[in-house]
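Peer 1: Below is the sequence, then the predicted model.
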Amino acid sequence: MQKLFFKASVTAAALCFGSLALAQQKYSVSGTVKDNTNGELLIGVTVKVSEDPTISVVANEYGFYSLSLPEGNYTLIVSYPGYRDFEQAIKVEQNTKIDLPLNQEDQKVGNIDEVVISGVKKNKNLTTAQMGTETLSIKNIEKLPVLFGEKDVMKTIQLLPGIKSNGEGSSGFSVRGGATDQNLILLDEAPVYNASHLLGFFSTFNSDALKDASIIKGNSPAQYGGRLSSVMDVKMKDGNNKSYNVNGGIGLISSRLSVEGPIQKEKSSFIVSGRRTYADLFLKTTDDFKDSKLYFYDLNLKANYQINDNNRLYLSGYFGRDVLGLGDTFSTDWGNTTATLRWNSIINSKLFSNTSFIYSNYNYKISLQSNDNTFGLDSQIEDWNLKQDFTWFAGNKHSVRFGLQSIYHTITPSSASGTSVSSFPRNPRKSWENALYMNDDFKVNNKLTVNYGLRLSTFSVLGGDTYNTYENGVITDTRFLEKGKFGKTYVNLEPRITANYLINEVSSVKAGYSRNTQNLHLLSNSSSGNPTDQWIGSSYSVKPEIADQISAGYSRNFNNNNYELNAEIYYKSMQNQIDFKNGAQIAFDTAADVESELLYGKGRAYGFELIAKKKNGRLTGWISYTLSKTERKINGINNNEWYNARMDKTHDLSIVATYELNKKWSLSGLFLYSTGNAVTFPTGKYELNGQTIFQYSSRNADRMPAYHRMDLSATYEPESTKRFKGSWSFGIYNLYGRENAYTITFEDNPNNPGTTRAMQTSLFRWVPNITYNFKF
């Protein structure tokens, strides 16, 4: 009897658990999200389930999404800024693939969400764990007033908190106390080592060729690495795969033109986008400068081909060059070349693969000629990069990224040649950088989301050159590494974690910690950067830079998410920071090693960031403010005491506004104020052999004057036809003519040689612009 009862109990339990397992069985609903008009894959689209709003997923950077649902009938709701919400009814009985099309909505009066709103929902600032992140769609950036009227994603990013411009007209920027080289700038995954044109007055990014741009201030997921301060990830358009389009713009000193269309309709497409300045054409009309050269150009190319429903190939490239010259006497040119071959593969309904082969090159050349004497200077950095990345949608609570990256660096140091100098050609220095990473975006419950990851990075010095070890500029060891041999290898673990807790429907708190390492270093003696600044890699003397950052934030939305307030505080400590020693002599025409002029120490940066946005209505915009401090402590500088870093600015304020007058006219304006950069001014002088020699004391103990200006612009959009759309943009840069200091130099006062006078150089007072944009 007992045996019979036991068997019956076991049978009943088996049936019960079997039925429960059957009821709980889940199927995958996956696919890609595309723009229904041009076939572009959309990044970061939200896909949620109407019957259970707690079930949602964000499409990855290649437009792929995956949900896990029990058997049943559901309605998917798809949302993305600038697009109409889309609903798709589905019946889940097995693993299902559904591609979701989205249609662009008509431009809303006063809505600039796509310019500055980070994420895909009005309240994503409350729900995402990622901190210090801003995403810019390119669509409306042209409405903001900028120098020369050239819409520029890098200039727009500098209007956000924690991101500070390096100077008038410069495209270089500092993030949370980091130097310019501590920002990783990617174009279709390829690193861009100098993202500026014409000495920083333009950036390398032609907005007509771009689809998306985002910046992460230090708390980056584990798939990013190699820089301490930030990641700026820029992605090019794929090209319209349904119809041919031409768009461009004609400005006062530059013009641009883009052509895109299908190679094979809805299967493959291309885009070609070019831009060039023509200031040199005006110079040819003058007698004094008719032989001068002053221009830049860039060319963006991209093509893609869909092999089948699960596999697609992409090939993209960027080619840009600056040319400055004065007849046969002087010439200099510099530029970037990048190329990316990418293979996207949907392995199964939960696993997405991206394999990328990436090439990047930056080089500069300078040549001088006087009578029979010649002088030349050149340098180059070249990368070959393999990246394998996987996205695994492991259920509705976990979105996991994991993969590897391998980069082969070749850096040719600055070398001089010519009849007027001794020629010392320098061997290229080679290195191999590798990384393994894993990152999980974990929805713990309806209140708590955690993003955590780990990155293991290695950097190996490779043979082919002689390496010295220095202590305080004195050689302590010398070794020659033969080609093919491994030298010093650095290994670092980089943990990252951020968490978001939703207090209620309108507010949340965040906190995070991250460690980043950097093995490529830019040697520069200016805050704005120059094309001739020199890249070096970690070596026996130069160790990897390391930064540990902790941060906390609070977000609150008001008036049905139409107003948004975000505040963050951060503290960042930095190891192995690099600076030139006092009186450093950088000679390119000798065999001297630049590492002998370097000193090392630590740094710290801390601050408070605030941004308030008005996202809807005829008047929209934001106010951002940063209060911060950035210092360095380098052995051998400033008596080994803390001193201000060059990029230290106590206060930084940006006010941006756009007002829609009517359907045809809109006005935009911005006001900027910031504390001047930290600099070193002379404290005394003496005369030697008839020349005045200035004396200096503490490093960066002085300040440039405060910087402020106001810009205004107006955009006129007449009624468009079915095939043609045009617009006019008018603007003025520096409305009230503030003469902001670009440089300050010191010289003997000619009226009283015993005294010294300061001479300020300013670049721009009033700069008007007018641009005509068109699309057909």
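Peer 2: Structure received. All of these numbers come straight from a predicted model, not from anything done at the bench.
Peer 1: can you pull out the strands in the stretch 151-300 of the chain?
Peer 2: Under the criterion DSSP state E, counting those that start in this stretch, strands of the stretch 151-300 of the chain are mapped to 163-165, 173-175, 183-187, 190-191, 196-197, 202-203, 210-216, 230-236, 245-250, 254-264, 268-277, 292-308.
Peer 1: low-scoring pLDDT stretches of the stretch 451-600 of the chain, where are they?
Peer 2: Scanning the stretch 451-600 of the chain with the threshold set as pLDDT under 70 gives 526-531, 586-592.
Peer 1: what are the ranges of the strands in it?
Peer 2: Taking DSSP E, counting those that start in this stretch as the criterion, the stretch 451-600 of the chain carries its strands at 465-471, 474-481, 486-504, 507-518, 520-523, 534-537, 545-558, 563-580, 598-614.
Peer 1: Give me the most central residue, the protein.
Peer 2: Closest to where the C-alpha atoms of the chain average out (Cα atoms, centre = their mean) is Met232, at 1.6 Å.
Peer 1: Would you enumerate the residues in contact with that one?
Peer 2: Met232 sits next to 154, 157, 183-186, 213-215 when contact means Cβ atoms under 8 Å, 6 or more residues apart in numbering. Every C-beta, even on glycine, is put in place using the N, C-alpha and C of the backbone.
Peer 1: Mind doing that once more with 10 Å?
Peer 2: Going by Cβ atoms under 10 Å, 6 or more residues apart in numbering, Met232 touches 153-154, 157, 163, 173, 175, 183-187, 192, 195, 205, 213-216.
Peer 1: One more: Leu301?
Peer 2: Leu301 touches 209, 236, 239, 270-274, 315-319, 339, counting by Cβ under 10 Å, 6+ apart.
Peer 1: likewise Ile98?
Peer 2: Contacts for Ile98 (Cβ under 10 Å, 6+ apart) come out as 29-33, 47, 65, 67, 76, 88, 90.
Peer 1: One more: Leu100?
Peer 2: For Leu100, the contacting residues are 31-34, 36, 42, 45, 47, 59, 63, 65, 76, 78, 86-88, by Cβ under 10 Å, 6+ apart.
Peer 1: Just flag the most distant two among those.
Peer 2: Farthest pair in those (Cβ to Cβ) is Gly63 and Glu87. Separation: 18.6 Å.
Peer 1: So the two - more neighbours on which side?
Peer 2: Comparing Gly63 with Glu87 by other Cβ atoms under 10 Å, the one with more neighbours is Gly63, at 22 against 10.
Peer 1: roughly how far apart are the more buried one and Val231?
Peer 2: Distance of Gly63 to Val231, given as Cβ to Cβ, to the nearest Å: 20 Å.
Peer 1: List the contacts of Ser345.
Peer 2: Here Ser345 is in contact with 307-308, 310-313, 351-355, 390 (criterion: Cβ under 10 Å, 6+ apart).
Peer 1: Could you identify the buried members of those?
Peer 2: 312, 351-354, 390 (16 or more other Cβ atoms under 10 Å).
Peer 1: List the ones among those residues that fall in strands.
Peer 2: Per DSSP state E, strands hold the following members of the buried ones among the contacts of Ser345: 312, 351-354, 390.
Peer 1: Tabulate these (CSV), appending pLDDT and distance to Glu564.
Peer 2: Converted to CSV, those look like this (pLDDT from 0 to 100; distance: Cβ to Cβ, whole Å):
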residue, pLDDT, distance to Glu564
Arg312, 96, 36
Leu351, 95, 35
Phe352, 95, 31
Ser353, 96, 36
Asn354, 96, 32
Phe390, 97, 33
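Peer 1: any idea which of those is closest to Gly676?
Peer 2: Nearest to Gly676 among those: Asn354, at 43.9 Å, using Cβ to Cβ.
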